[in-house]
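> The sequence and its predicted three-dimensional model are supplied below.
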Amino acid sequence: MPAILRPENYDRWLSDEPDPRDLLRPFPSELMAIWPVSTRVNTPKNDDPDLLVPFVDASASAPPDGNSA
């Protein structure tokens, strides 16, 4: 799992502080959003802004709402 930090903690995390482990705590899920993406993200040669566009599956019954798994 990657570390998700609040912007106000970036400098501290990247500093030479010996032990910023207290910043490693669960990030509030209500501040996150998820959406399906194309399988194109699996290939490093694909490097364009379209990779961030939500993928719409033609066989899906409803579009993703951006906040559910």
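Great, that's in hand. These numbers come from a predicted model, not from an experiment. Numbers count the residues shown, from 1 in each chain.
> So residue 13 sits against residue 6, correct?
No - using Cβ atoms under 8 Å, residue 13 is not in contact with residue 6; the gap is 9.8 Å. In short, each C-beta sits where N, CA and C put it, glycine included.
> Which stretches in the protein count as helices?
Counting by DSSP state H, the chain has these helices, from start to end: 10-14.
> Burial check on residue 23, number of neighbours?
15 (other Cβ atoms under 10 Å).
> The nearest residue to residue 27 once chain neighbours are set aside: neighbour count?
Distances taken as Cβ to Cβ, 6 or more residues apart in numbering put residue 4 closest to residue 27, at 4.0 Å, once the chain neighbours are dropped. By other Cβ under 10 Å, 13 other residues sit near residue 4.
> Same question for residue 45.
Residue 45: 5 neighbours (other Cβ under 10 Å).
> What of residue 31?
Residues near residue 31, counting by other Cβ under 10 Å, number 8.
> Over to residue 51?
By other Cβ under 10 Å, the residues close to residue 51 number 13.
> thought it was touching residue 41?
Yes - Residue 51 is within contact range of residue 41, at 5.3 Å (criterion: Cβ under 8 Å).
> ok now do residue 40, which residues does it touch?
Contacts were defined as Cβ atoms under 8 Å, 6 or more residues apart in numbering; by that measure residue 40 touches 46, 50-51.
> Where does the prediction get shaky in the protein?
1, 57-69 (pLDDT under 70).
> if we go to 80?
Scanning the chain for pLDDT under 80 picks out 1, 55-69.
> which residue sits farthest out from the middle of the protein?
Distance from the centre of the chain peaks at residue 18, with 26.6 Å (Cα atoms, centre = their mean).
> And it, how far from residue 25?
Counting by Cβ to Cβ, to the nearest Å, the separation of residue 18 from residue 25 is 18 Å.
> same thing with residue 14?
18 Å.
> and if you look at residue 54?
Taking Cβ to Cβ, one finds residue 54 at 29 Å from residue 25.
> Neighbour count: these two, which is higher?
Neighbours around residue 54 and residue 25, counted as other Cβ under 10 Å, are more numerous at residue 54. The numbers are 13 against 10.
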